[in-house]
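Colleague: Here is my input, please return the structure:
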Amino acid sequence: MNKILDKTKGDRWIWLIIILLSLISILTVYSATGTYAYKVGKTVEKVLLTKHLIFVIMGIGMIYVAHLLDYKYYAGISKILMIITIPLLFYTAVFGASINEASRWVKIPVIGLTFQTSDLAKLALITFLARMLTKKQENIKDVKEAFIPIMGSVCVVFALIAWANLSTAIMLFGVSILLLIIGRISIKQISIVCAGGAVLLLLIVFLGPRAGTYKSRVNAFLHPEKQNSDKTYQADQSKIALATGGVFGKGPGNSTQRNFLPHPYSDFIFAIIVEEYGLLGAMTVIVLYLVLLYRCVRIVTQSPKAFGALLAAGLSFSLTIQAFANMAVAVGLGPVTGVPLPLVSMGGTSMIFTSIAFGIILSVSRDVEEKGSKKVVVGEIPAMA
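Modeller: Okay, the predicted model is just below:
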């Protein structure tokens, strides 16, 4: 154990946040899975162990392993991930398992488990973008040499994810735009990208396979008073959980809305946190994500290499934007999206890929600790990339 602790490097605050969010996750999921356990005919303890606790432990293990690997090697790995991701997204769109009326999952043969391919796509695109922006810095203003190759990958991944998972695609597109700005792509070119993305978004919203679902959710959010109760059911139950939580909450395990919310252990887990731990619990979670963002920004500004800075920026923006999107839905500030709360919501593949993202950020942080912060060097990536 001492050897493991001695090898544990990187930002101590981020490690603390990981541990605290994991503990919050275990406590809340244990409380929120009672109804689910009853439906599947298992005990809550068995559901917690097989559906969540094992993935939390695996996730922390993945963070540890990922943070030990020099972050520069992720430049080469990103190419492999993109080669795997794009065909996999195509396969998911056509043959993917449909859960909750959306074809987002691929079933793994033999073991029978499913995983959401967009989780892999987020990690692949962000690492690949960081690599490409670093590699193309000398010709970053050149449309043919830099802009088209970089944007080709963004547009393909965005379109394939958006076909069945629009909320994730929009967030990933937003993170990509932030990386383009940091990577010194011209504002004119970024404006063209945004315009193209808006057109593609409208086409998917109005002509895509889930067009009816998107319209229904947006209408339910904008005009809840005009909707049937079944259209606003999730949002209404979430609001009840928030309203009854008060300042100190009902206490651990005392949620009642877990019996009514469709996904109290994933999409609406923040509502259960507020109900059981009150405003204080909600503020604790919010502060943890804000501190995470602050510590990640420090890593970005201190990283001596552009690739490390872009990598940490993209992954940290992705995690925090997703976190606040989930919480916004729970408190009624956005339409229902189905986006999990990073490191808190129950979900095997989400937990694993989120953990890898944390591990990569900590790898960049470890490099800063060992080599010290220097002036950012652009265009430098390892030879294997």
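Colleague: Can you report how many residues neighbour L310?
Modeller: Neighbour count of L310, defined by other C-beta atoms under 10 Å: 26. Backbone N, C-alpha and C define where each C-beta goes, glycine included.
Colleague: Pull the number of nearby residues for Y74.
Modeller: Residues lying near Y74 (other C-beta under 10 Å) number 28.
Colleague: gap between it and L315?
Modeller: Using C-beta to C-beta, to the nearest Å, we find Y74 at a distance of 10 Å from L315.
Colleague: now do K371
Modeller: Distance, K371 to L315, by C-beta to C-beta: 20 Å.
Colleague: L48 now?
Modeller: Distance from L48 to L315, counting by C-beta to C-beta: 28 Å.
Colleague: And I83, by the same measure?
Modeller: To L315, I83 is 20 Å away according to C-beta to C-beta.
Colleague: Between these two, which is the more surrounded one?
Modeller: L315 (25 against 12).
Colleague: Got the phi and psi for G249?
Modeller: phi 80, psi 170 (degrees, to the nearest 10).
Colleague: Could you count how many residues lie near it?
Modeller: Every residue meeting other C-beta under 10 Å relative to G249 is counted, giving 21.
Colleague: L203 now?
Modeller: 13.
Colleague: State the pLDDT value of it.
Modeller: pLDDT, L203: 83.
Colleague: and what of the one 5 residues further on?
Modeller: The predicted structure scores G208 at 72 on the pLDDT scale.
Colleague: who touches both of Y74 and L315?
Modeller: Common neighbours of Y74 and L315, using C-beta atoms under 8 Å, 6 or more residues apart in numbering, are I360.
Colleague: which ones are touching G246?
Modeller: By C-beta under 8 Å, 6+ apart, the contact set of G246 is G278, L279.
Colleague: Over to I185?
Modeller: I185 is in contact with L133, I140, A146, F147, I150, counting by C-beta under 8 Å, 6+ apart.
Colleague: So, low pLDDT: which residues of the stretch 151-300 of the chain?
Modeller: Filtered on pLDDT under 70, the stretch 151-300 of the chain yields the residue ranges 211, 225-230.
Colleague: which stretches of the stretch 251-385 of the chain form helices?
Modeller: Secondary structure of the stretch 251-385 of the chain by DSSP state H, counting those that start in this stretch: the helices cover 269-302, 306-330, 348-371.
Colleague: Relative to L202, which of those helices is closest?
Modeller: helix 306-330 (20.3 Å; C-beta to C-beta).
Colleague: Output the contacting helices and strands for that closest one.
Modeller: Helices and strands touching helix 306-330, by 3 or more C-beta pairs under 8 Å, 6 or more residues apart in numbering; DSSP states H and E, are helix 117-135, helix 166-182, helix 233-245, helix 269-302, helix 348-371.
Colleague: quick check: angle from it to helix 348-371?
Modeller: Angle of helix 306-330 versus helix 348-371, following axes from the mean of the first three to the mean of the last three C-alpha atoms, to 10 degrees, is 140 degrees.
Colleague: Now do helix 306-330 and helix 269-302, the angle between them.
Modeller: For helix 306-330 against helix 269-302, the angle between stretch directions is 160 degrees (the same axes, to 10 degrees).
Colleague: From the chain's centre, how far out is helix 306-330? Work that out for me.
Modeller: Relative to its parent chain, helix 306-330 has a centroid offset of 7 Å by C-alpha atoms, centre = their mean, to the nearest Å.
Colleague: My guess is I60 contacts I18. True?
Modeller: Yes: counting by C-beta atoms under 8 Å, I60 touches I18, with 7.2 Å between them.
Colleague: next helix or strand past the one helix or strand I54 maps to?
Modeller: Taking DSSP states H and E as the definition, I54 sits inside helix 54-68. Following helix 54-68 in sequence order, the next helix or strand is helix 73-95 (DSSP H and E).
Colleague: Tell me which other helices or strands that next one touches.
Modeller: Counting contacts by 3+ C-beta pairs under 8 Å, 6+ apart, helix 73-95 packs against strand 102-107, helix 117-135, helix 148-162.
Colleague: Packed most tightly, which of the ones you listed would that be?
Modeller: Across those, averaging neighbours per residue (mean count of other C-beta atoms under 10 Å) puts helix 117-135 on top, at a mean of 25.
Colleague: hey, C-alpha coordinates of it in PDB?
Modeller: Below are the C-alpha coordinates for helix 117-135, written out as PDB (Å, rounded to 0.1, in the frame of the first residue of the first chain):
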ATOM      1  CA  THR A 117     -20.100   4.400 -27.600                       C
ATOM      2  CA  SER A 118     -20.400   8.200 -27.200                       C
ATOM      3  CA  ASP A 119     -18.300   7.800 -24.000                       C
ATOM      4  CA  LEU A 120     -15.500   6.400 -26.000                       C
ATOM      5  CA  ALA A 121     -16.000   9.000 -28.700                       C
ATOM      6  CA  LYS A 122     -15.700  11.900 -26.300                       C
ATOM      7  CA  LEU A 123     -12.300  10.700 -25.000                       C
ATOM      8  CA  ALA A 124     -11.100   9.900 -28.600                       C
ATOM      9  CA  LEU A 125     -12.100  13.200 -30.100                       C
ATOM     10  CA  ILE A 126     -10.700  15.400 -27.300                       C
ATOM     11  CA  THR A 127      -7.300  13.600 -27.300                       C
ATOM     12  CA  PHE A 128      -7.200  13.600 -31.100                       C
ATOM     13  CA  LEU A 129      -8.100  17.300 -31.300                       C
ATOM     14  CA  ALA A 130      -5.400  18.100 -28.700                       C
ATOM     15  CA  ARG A 131      -2.900  16.100 -30.800                       C
ATOM     16  CA  MET A 132      -3.900  17.700 -34.100                       C
ATOM     17  CA  LEU A 133      -4.000  21.300 -32.800                       C
ATOM     18  CA  THR A 134      -0.500  20.800 -31.400                       C
ATOM     19  CA  LYS A 135       0.900  19.200 -34.500                       C
END
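Colleague: same for it, what does it pack against?
Modeller: Under the contact definition 3+ C-beta pairs under 8 Å, 6+ apart, helix 117-135 sits against helix 73-95, strand 102-107, helix 148-162, helix 166-182, helix 306-330, helix 348-371.
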